[in-house]
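Q: show me how the following folds:
(one chain, ligands or ions: 2)
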Amino acid sequence: MIDDLFGEPVRRDHEALGPGAVLLHGFALTEAGAVLDAVHAVTIEAALRHLITPGGFRMSVAITNCGRLGWISDRKGYRYSELDPETGQPWPALPDALLALAQSAAAVAGYAHFTPDTCLINRYVPGARMTLHQDRNEKDFSQPIVSVSLGLPAMFQLGGMQRSDKPLRVPLQHGDVLVWGGPSRLRFHGVLPLKAGQHEVLGEQRINLTFRCAG
Ligand code: MD6
Ligand code: FE
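A: Residues are numbered from 1 along each chain as shown. Ligands and ions are numbered 1, 2, ... in the order given. Take a look at the predicted model:
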């Protein structure tokens with residue numbers, strides 16, 4: 001444990017969350033400014049938007065993407081697309097600062113050759129949540145997922161291989177990076193409704209980045 005400038009305890013250790021899954025506390029803290037600048041630039045080209053689920057519900061989380069592929073949802077289903085359906089244009093390129101962060105986190109977690117082709121950007125405001133799901137739209141489950149949390153803290157739920165398995169509750173803070181793959185790649189997971197609060201950098205929101213090799 002060390003203290004940061006605001007006197008809050010910051011953990012910089014690695015916490016195993018099961019085979020293939022590790023939480024890197026504070027791993028993105030030193031790069032957070034550059035990462036947020038890159039995210040902001042992406043959202044100017046490809047705006048954050050609320051998608052409709054195949055079941056017809058509007059997602060409470062606003063999303064956009066960068067990289068060769070982008071994750072989308074509509075009445076036809078969940079899938080990856082090379083084009084942003086809002087603009088008809090390719091998604092913005094994956095910024096170098098984001099790629100470097102994702103690859104270094106994967107390497108520290110034991111995944112030496114992570115080649116993400118997509119970064120999904122999720123924005124949560126208080127009350128926004130993500131119900132339990134599996135990430136299974138990617139072609140290759142041998143590569144891990146790297147997930148970066150910025151802004152307000154969230155309670156992540158990490159379940160098992162069945163939807164009915166009781167999930168672990170994993171608090172995620174600004175700068176935390178979760179890497180999971182291998183035997184954990186298809187575990188159910190979700191995010192409980194975001195609690196109200198003010199983050200000193202991001203205000204009343206949480207930004208989550210998930211890097212994957214999708215195509
Ligand atoms: C989130 N994350 O943390 C939502 N999926 O906002 C995910 O759905 C997720 O964090 C796969 C791997 C890591 C994740
Ligand atoms: Fe997910």
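
Q: what does this protein have sitting close to ligand 1?
A: Counting by Cβ under 6 Å from any ligand atom, the residues of the chain lying close to ligand 1 are 122, 130, 135, 145, 147, 156, 178, 180, 189, 191, 208, 210. For glycine as for every other residue, the C-beta is placed from the backbone atoms N, C-alpha and C.

Q: which two from those residues end up farthest apart in space?
A: In terms of Cβ to Cβ, the residues of the chain next to ligand 1 reach their longest pairwise distance at 122 and 180, which sit 16.1 Å apart.

Q: ok, those two, which is more surrounded?
A: residue 180 (25 against 21; other Cβ atoms under 10 Å).

Q: give the contact list for the residue lying closest to the more buried one once chain neighbours are set aside.
A: Nearest residue to residue 180 in three dimensions, chain neighbours excluded: residue 21, at 3.8 Å (Cβ to Cβ, 6 or more residues apart in numbering). Contacts for residue 21 were tallied using Cβ atoms under 8 Å, 6 or more residues apart in numbering; they are 158, 178, 179, 180, 181, 184, 187.

Q: next secondary structure after the one helix or strand residue 169 maps to?
A: Element membership for residue 169, per DSSP states H and E: strand 168-172. Secondary structure here is assigned by DSSP H and E; on that basis, the next helix or strand after strand 168-172 toward the C-terminus is strand 177-180.

Q: chain center to that next one, what's the gap?
A: Here the centre of mass of C-alpha atoms in strand 177-180, compared against the chain's by Cα atoms, centre = their mean, to the nearest Å, lies 9 Å away.
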